[in-house]
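J.: need coordinates for the below:
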Amino acid sequence: MKIDILTLFPEMIEQALSHSIPARAQKSEKVEIKAHLLRQWGVDKHGNVDDTPYGGGPGMILRVDVAQKALEAVDPGHKAWRVMLSPDGDSFNQLLAKEFLAKDHLVLLCGRYEGFDARIEAYVDQKLSIGPFVLSGGELAALVIVDAVSRLIPGVLGNSQSLEYETFENDVTDFPQYTRPDTYNDQSVPEILKSGHHAEIEAWRRAHQKPLTNN
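T.: As a prediction, the model looks like this:
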């Protein structure tokens, strides 16, 4: 699997990708993740990628010509699944993470400033948001998607059962977890979890999972 990220701040992406699950996924060579500086495709020697909005208003808008050139450079012929990260996009969730896992190539386009020229939508397959709030840019959203997809790659997590019991799997939350000390501030670990009776422990865990109301 290949993931290309188009951004004005590749160092933000690269720093995060050098840790934890994304780093392990790349080391496994089952996924190749690369951040590209959007200014490579800027319109002048200064690498300008934005301009003032028609009709007036504050801030700057990312140019459609710059975005289209960048998309074609990392995905000639539009063979990849292209995602534009925007607060007004569809909500990213676990189901989409699984769908992305089946893609050979993902391209994530990160916004900045006051957003995108609306014509950019003609060159992407999907607009996605990670929640009903506004970020300074799409980099954090891109990293959320990368992390969620990377952990689904077979062999990346140390214990395959971790995926089976995770929150959002089978439309239920994860069950409560405990570790040492046995008692802390008058709160004790449930005795069943220390019993060694695996079938009863499994039943307790299933009983303490909750149906999801919104995923």
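J.: elements contacting the helix or strand harbouring Ile21?
T.: Assigned by DSSP states H and E, Ile21 belongs to helix 20-27. When contacts are defined as 3 or more C-beta pairs under 8 Å, 6 or more residues apart in numbering; DSSP states H and E, helix 20-27 packs onto helix 10-17, strand 32-37, helix 139-150. (C-beta placed from N, C-alpha, C; glycine too.)
J.: pick the most buried one from these.
T.: Compared across the helices and strands packed on helix 20-27, helix 139-150 shows the largest average neighbour count, a mean of 22 (mean count of other C-beta atoms under 10 Å).
J.: what lies in contact with that one?
T.: Helix 139-150 has contacts (C-beta atoms under 8 Å, 6 or more residues apart in numbering) with 1, 3, 5, 7, 9, 12-13, 16-17, 20-22, 24-25, 31, 33, 83, 85, 92, 94, 97, 100-101, 106, 108, 110, 128-130, 135, 156.
J.: that helix: how far from the chain's middle?
T.: Offset of helix 139-150 from its chain centre (C-alpha atoms, centre = their mean, to the nearest Å): 2 Å.
J.: extract the CA atoms of that helix and return them as PDB.
T.: C-alpha atoms of helix 139-150 as PDB (Å, rounded to 0.1, in the frame of the first residue of the first chain):
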ATOM      1  CA  GLU A 139      -2.000  17.700   8.600                       C
ATOM      2  CA  LEU A 140      -3.400  16.400  11.800                       C
ATOM      3  CA  ALA A 141      -6.400  15.000  10.000                       C
ATOM      4  CA  ALA A 142      -4.100  13.200   7.600                       C
ATOM      5  CA  LEU A 143      -2.200  11.700  10.500                       C
ATOM      6  CA  VAL A 144      -5.400  10.400  12.100                       C
ATOM      7  CA  ILE A 145      -6.300   8.600   8.900                       C
ATOM      8  CA  VAL A 146      -2.800   7.200   8.400                       C
ATOM      9  CA  ASP A 147      -2.700   5.900  12.000                       C
ATOM     10  CA  ALA A 148      -6.200   4.400  11.800                       C
ATOM     11  CA  VAL A 149      -5.400   2.600   8.500                       C
ATOM     12  CA  SER A 150      -1.800   1.500   9.500                       C
END
